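**Q** show me the folded form of this:
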Amino acid sequence: MFTPQDVKEILSSGLLSFPITDFDANGEFKPDTYAERLEWLAPYGATALFVAGGTGEFFSLTPEDYTQVVKVAVETCRGKVPILAGAGGPTRMAIRYAQEAERLGAHGILLMPHYLTEASQEGLIEHVAAVCASVKFGVVVYNRDRCKLNAASLLKLADRCPNLIGFKDGQGEIETMVTIRRKLGDRFTYLGGLPTAEVYAAAYKALGVPVYSSAVFNFIPKTAIAFYEAVRTEDHATQARLIDDFFLPYLDIRNRKAGYAVSIVKAGAAIVGHSAGPVRAPLTDLTGEENEQLAALIAKLGPQ
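**A** Coordinates of the predicted model:
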């Protein structure tokens, strides 16, 4: 079993993958094809898999779905790659999810935002601290939407919560990120977590955040790893080529509708022969025309 510090070390380098969740035509979880998906992705070299996360539609999973998803992931990837699970919602529900992930053998959680209501910094501190205190494994807090922790709050949490080992930024506010990175130093491992993080990867690396989560790893894993290596080695020519030829036109499709950050990933997986079925409401799937445009972009990248 990995200690929280082991997980922190693992997450400090490499590319992170956030697998999509497989549903059938009626929107029910499909454990068999989900296991096949994880077996397909594992050999490509992602440092860790974050299951039931944002790309995995955590927000639409029932507690029963969640148990199945995490269980399949842990059993499929045991000895291959560490598994961290999403957890979020109201504090007591987040605690239940975190404890269930720990019971099932996951190596940590990504603590996603609480639900609906605004909260003060003091309230956010108590929320995160309560979840951390409920488990022994490592916790990575996801800074986005309703959960926007500042550097002063993170310093307090760092003192109170020894198993809070990571900070994932989904805000893209450079001043905030620089302040947090300078004040917290190496206390946390830092992850870039903006949608289609590749577009921001070089800038975040310059800020001292070299690790990021890749959604496109779900359908173009070879290219995703190649892009990560280009960022790591400062191969600007490869970065520019892939951004111009793939990521910018990809963003053009993704930005057409709210929620497409997940939908387009599922569409890509289906195009390359690893369909995960439709998205669940309230998300919507790509149109036929948009699928054709995405397929043309993928084809230009060559075999994966």
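**Q** contact partners for the residue nearest to G172 when sequence neighbours are not counted?
**A** Of all residues not flanking G172 in the chain, L194 sits nearest, at 5.2 Å (Cβ to Cβ, 6 or more residues apart in numbering). Backbone N, C-alpha and C define where each C-beta goes, glycine included. Shown in contact with L194 (Cβ atoms under 8 Å, 6 or more residues apart in numbering): D169, G170, Q171, G172, Y200.
**Q** before we move on, what SS does L194 have?
**A** When classified by DSSP: H, G, I helix; E, B strand; the rest coil, L194 comes out as coil.
**Q** ok, back up a step: mind putting the contacts of L194 into JSON lines with secondary structure, pLDDT and distance to Y228?
**A** Compiled in JSON lines, the contacts of L194 are given as follows (DSSP: H, G, I helix; E, B strand; the rest coil; pLDDT from 0 to 100; distance: Cβ to Cβ, whole Å):
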{"residue": "D169", "secondary structure": "strand", "pLDDT": "97", "distance to Y228": "17"}
{"residue": "G170", "secondary structure": "coil", "pLDDT": "96", "distance to Y228": "19"}
{"residue": "Q171", "secondary structure": "coil", "pLDDT": "94", "distance to Y228": "22"}
{"residue": "G172", "secondary structure": "coil", "pLDDT": "94", "distance to Y228": "19"}
{"residue": "Y200", "secondary structure": "helix", "pLDDT": "96", "distance to Y228": "13"}
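**Q** residue boundaries of the helices in the protein?
**A** Assigned by DSSP state H, the chain shows helices spanning 4-10, 31-41, 63-77, 91-104, 121-133, 151-160, 174-184, 201-206, 221-232, 236-242, 248-254, 260-271, 288-301.
**Q** please identify the deepest-packed of the ones you listed.
**A** helix 260-271 (a mean of 23; mean count of other Cβ atoms under 10 Å).
**Q** distance between that one and the chain's centre?
**A** From the chain centre to the centre of helix 260-271 is a distance of 15 Å (Cα atoms, centre = their mean, to the nearest Å).
**Q** and if you look at stretch 183-198?
**A** Relative to the chain's own centre, stretch 183-198 is displaced by 12 Å; criterion: Cα atoms, centre = their mean.
**Q** would you mark the buried spots in that stretch?
**A** Residues of stretch 183-198 classed as buried by neighbour count (16 or more other Cβ atoms under 10 Å): 184, 187-198.
**Q** isn't G14 up against V211?
**A** Yes - judged on Cβ atoms under 8 Å, G14 makes contact with V211 at a distance of 6.7 Å.
**Q** in terms of neighbours, single out the busier of the two.
**A** Taking neighbours as other Cβ atoms under 10 Å, G14 and V211 compare with V211 leading, 25 against 16.
**Q** now that one. Nearest residue, chain neighbours left out?
**A** That would be L191: by Cβ to Cβ, 6+ apart, it lies 5.2 Å from V211.
**Q** could you give the bridge partners of the one you found?
**A** K168, V211 (DSSP bridges).
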